[in-house]
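Enquirer: Generate coordinates for the sequence data below:
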Amino acid sequence: MSRLATPDLRWVPSSRWHITVEFLGECGRHEADRQLTRWTERAARSEPLDLAVTGAGAFPQAWRARVFWAGVRTDPHAWRRLAGEVQQPHVTLARTREAQDLATLVEAMSTYEGPSWRATEVAFMQSHLRASGERGPRYEPLEYLPLAGS
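Expert: Numbering: from 1, shown residues only. Now for the predicted structure:
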């Protein structure tokens with residue numbers, strides 16, 4: 001990444017890289033408990049996933065992007081069984097406050113082939129806003145849910 005000429009982006013530290021299976025947003029304790037039960041059952045019905053980091057993209061569009069991401073290749077049917085129809089597997093690498101044209105950066109990363117691994121569990125996470133002066137959220141795993149056959 002350091003070899004690429006990039007616009008002014010806020011890069012996500014590698015310690016916070018993750019693949020979001022479903023974003024729940026703000027929810028109270030009762031709803032969090034209900035979602036944990038639902039995800040425990042969902043994980044138990046889903047097989048481990050073979051994943052590989054590959055390519056890149058941007059949300060909402062490369063030519064007016066707010067998020068730059070690396071793609072994640074996996075079996076699409078297995079992914080949909082776990083994550084549903086709307087969640088695209090990706091790792092967020094950088095964000096920008098103002099929409100920017102990231103088409104050149106996306107194109108430069110289009111042939112990238114990164115590491116691969118097998119996911120055998122899903123982490124049910126809670127995110128916390130950091131104090132003033134600190135950057136990005138702090139993630140706290142609440143439960144690790146094994147995928148079926150793990």
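Enquirer: Start from the N-terminal end of this protein and give the helices.
Expert: 29-45, 76-83, 103-108 (DSSP state H).
Enquirer: Quickly note the distance from residue 31 to residue 138.
Expert: 21 Å (Cβ to Cβ, to the nearest Å). Where you see a C-beta, it was placed from the backbone N, CA and C, and this is true even at glycine.
Enquirer: Just the CA trace of stretch 10-18, in CSV.
Expert: Below are the C-alpha coordinates for stretch 10-18, written out as CSV (Å, rounded to 0.1, in the frame of the first residue of the first chain):
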residue,chain,number,x,y,z
ARG,A,10,-7.6,7.9,7.1
TRP,A,11,-6.0,4.4,7.1
VAL,A,12,-7.5,1.7,9.4
PRO,A,13,-4.7,0.2,11.5
SER,A,14,-4.3,-3.5,10.8
SER,A,15,-5.1,-4.4,14.4
ARG,A,16,-8.7,-3.3,13.6
TRP,A,17,-9.2,-5.1,10.3
HIS,A,18,-12.2,-7.4,10.3
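Enquirer: and that stretch, average pLDDT?
Expert: Stretch 10-18 shows a mean pLDDT of 88.
Enquirer: What of stretch 62-77?
Expert: Stretch 62-77 shows an average pLDDT of 95 in the prediction.
Enquirer: buried sites along it?
Expert: Buried residues in stretch 62-77, counted by 16 or more other Cβ atoms under 10 Å: 62, 65-74.
Enquirer: Need the pLDDT of residue 134.
Expert: Reported pLDDT for residue 134: 65.
Enquirer: for the spatially most central residue of the chain, what are its contacts?
Expert: With distances taken as Cα atoms, centre = their mean, residue 19 lies nearest the centre of the chain, 2.7 Å away. By Cβ atoms under 8 Å, 6 or more residues apart in numbering, the contact set of residue 19 is 51, 72, 89-91.
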